[in-house]
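# Okay, predicted coordinates and the sequence, questions at the end:
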Amino acid sequence: MSEVKWIKLSVNMFDDEKIKLIKTMPEGDKIIVIWVQLLCLAGKTNDGGLVYMGQNMVYTEEMLATLFDEKLNIVRIAIQTLEQFGMIEVTNNGLIGITNWEKHQSTDKMARMKEQSRIRQQKYYYRNKLRELGINVDEQGFTDDIDELKTMYEQIEKPNVRLTLANETEVRSKKKEVRGKKKERDSRKFTFDDTQYELASLLWEKVKANFPKTKEPNLESWANDIRLMMEQDERSVNEIKAVIEWSQKHDFWYANIRSASKLRSQYENMFAQADREKRQEESSTTKPSGNNYINDWSEFEEMIEGD
């Protein structure tokens with residue numbers, strides 16, 4: 001049996017009644033040191049607190065005196081004292097055993113704790129996976145067995161494998177219900193009409209012409225953004241069409257407006273820049289008179305069509 005790499009000592013060790021009494025005895029400090037050394041030897045043996053060199057060889061008092069670098073009479077006094085206090089047991093053939101080793105060192109307990117932790121993590125993993133599939137794992141009476149949870153998840157993920165668990169019907173029904181709700185949510189996620197979809201398609205055609213390698217977007221999402229521009233921002237069809245055309249021809253904006261959501265969020269900035277550029281263009285050709293500000297995007301339609 002392989003030796004352990006460490007042993008556990010309580011931080012309250014020196015508050016223990018037995019340790020306090022031993023400290024008051026002659027050579028008490030040395031006895032306590034020998035006690036710790038015996039604990040270490042028991043850890044090396046790793047056989048339930050027994051202290052021996054091999055299956056057929058126990059440590060003699062002389063051997064311990066050599067190992068502990070201590071006088072033989074001190075080792076004898078220590079063994080007698082520790083045995084009297086019930087801290088060790090000594091058999092007729094001299095085999096020393098640490099009393100309540102398993103209780104104090106908890107080697108098996110640590111192994112059990114690790115195993116319990118592993119099982120808890122697996123249960124958490126598979127319960128979450130089943131929950132994502134719409135299975136009510138929190139209802140009363142639902143299995144808590146790790147093997148059943150794992151089997152249930154694996155079989156649900158393999159549609160060609162028939163479930164053999166008792167709650168097969170419920171599992172399939174729940175999964176179908178979840179998929180139906182998801183489909184219903186997706187269908188309600190975006191609302192738009194044909195005109196709004198056509199404007200979204202127009203923007204996509206312009207973007208694709210400028211950036212041919214761009215991945216095709218979700219046009220339904222784009223159409224929904226166009227709808228919001230019309231309903232919430234009160235932009236007309238002609239205004240939206242004009243800003244699409246203008247932005248995709250502009251030296252700066254064509255690289256920045258590559259989605260309907262971006263078109264909507266930057267509308268005011270583009271409007272202001274278009275207004276500024278229009279006034280600059282007019283001032284360079286004729287002396288401005290009166291109000292040359294743009295009132296809406298429809299004023300650009302003729303200019304865009306003439307390009």
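Thanks, I have the structure now. Residues are numbered from 1 along each chain as shown.
# quick one, phi/psi of the residue nearest the centre of the chain?
Residue closest to the mean C-alpha point of the chain, counted by C-alpha atoms, centre = their mean, is Y125 at 10.7 Å. Per-residue torsions, Y125: phi -60, psi -50 (degrees, to the nearest 10).
# Next, work out how far apart it and R131 are.
11 Å (C-beta to C-beta, to the nearest Å). C-beta: built from backbone N, CA, C; applies to glycine.
# one step back: state the pLDDT value of the residue nearest to the centre of the chain.
Here the pLDDT value assigned to Y125 is 82.
# For V75, which residues are in contact?
34, 61, 64-65, 68 (C-beta atoms under 8 Å, 6 or more residues apart in numbering).
# Which of the helices or strands spans it?
V75 belongs to helix 72-84 when assigned by DSSP states H and E.
# Output that helix in PDB, but only the C-alpha positions, please.
The C-alpha trace of helix 72-84 is given here as PDB (Å, rounded to 0.1, in the frame of the first residue of the first chain):
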ATOM      1  CA  LEU A  72      16.000   4.400  24.100                       C
ATOM      2  CA  ASN A  73      14.600   5.100  27.600                       C
ATOM      3  CA  ILE A  74      12.800   8.200  26.300                       C
ATOM      4  CA  VAL A  75      11.200   6.100  23.500                       C
ATOM      5  CA  ARG A  76      10.100   3.500  26.000                       C
ATOM      6  CA  ILE A  77       8.600   6.100  28.400                       C
ATOM      7  CA  ALA A  78       6.800   7.700  25.400                       C
ATOM      8  CA  ILE A  79       5.300   4.400  24.200                       C
ATOM      9  CA  GLN A  80       4.200   3.500  27.700                       C
ATOM     10  CA  THR A  81       2.700   7.000  28.300                       C
ATOM     11  CA  LEU A  82       0.900   7.100  24.900                       C
ATOM     12  CA  GLU A  83      -0.500   3.600  25.500                       C
ATOM     13  CA  GLN A  84      -1.700   4.600  29.000                       C
END
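# Buried ones in the helix or strand just after that helix, by neighbour count?
The helix or strand immediately downstream of helix 72-84 is strand 88-90, counting by DSSP H and E. Judged by neighbour count using 16 or more other C-beta atoms under 10 Å, the buried positions of strand 88-90 are I88.
# Remind me what strand 88-90 packs against, helices and strands.
Other helices and strands packing on strand 88-90, by 3 or more C-beta pairs under 8 Å, 6 or more residues apart in numbering; DSSP states H and E, are helix 72-84, strand 96-98.
# In the helix holding V75, which residues are buried?
Buried, per 16+ other C-beta under 10 Å, within helix 72-84: 74-75, 77-79, 81-82.
# what is the rounded mean pLDDT of that helix?
pLDDT averaged over helix 72-84 gives 94.
# Any idea how far it is from the middle of the chain?
Here the centre of helix 72-84 is set off from its chain's centre by 55 Å, with C-alpha atoms, centre = their mean, to the nearest Å.
# what's the helix or strand D275 falls within packed up against?
Using DSSP H and E, the element containing D275 is helix 267-285. Helices and strands touching helix 267-285, by 3+ C-beta pairs under 8 Å, 6+ apart, are helix 237-249.
# Can I get the helix it packs on in PDB? Just the C-alpha atoms.
The C-alpha trace of helix 237-249 is given here as PDB (Å, rounded to 0.1, in the frame of the first residue of the first chain):
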ATOM      1  CA  VAL A 237     -40.700  55.100 -47.100                       C
ATOM      2  CA  ASN A 238     -39.100  57.700 -49.400                       C
ATOM      3  CA  GLU A 239     -36.900  59.000 -46.600                       C
ATOM      4  CA  ILE A 240     -35.600  55.600 -45.700                       C
ATOM      5  CA  LYS A 241     -35.000  54.700 -49.400                       C
ATOM      6  CA  ALA A 242     -33.100  58.000 -49.900                       C
ATOM      7  CA  VAL A 243     -30.900  57.500 -46.900                       C
ATOM      8  CA  ILE A 244     -30.100  53.900 -48.000                       C
ATOM      9  CA  GLU A 245     -29.000  55.100 -51.400                       C
ATOM     10  CA  TRP A 246     -27.100  58.100 -50.000                       C
ATOM     11  CA  SER A 247     -25.300  56.200 -47.300                       C
ATOM     12  CA  GLN A 248     -24.100  53.400 -49.700                       C
ATOM     13  CA  LYS A 249     -22.600  56.000 -52.100                       C
END
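# relative to helix 267-285, how tilted is that helix?
Angle, helix 237-249 to helix 267-285, by axes from the mean of the first three to the mean of the last three C-alpha atoms, to 10 degrees: 70 degrees.
# Give the next helix or strand downstream of helix 237-249.
helix 260-265.
# What residues sit buried inside that next one?
Neighbour count says helix 260-265 has 260-261, 263-264 buried, by 16+ other C-beta under 10 Å.
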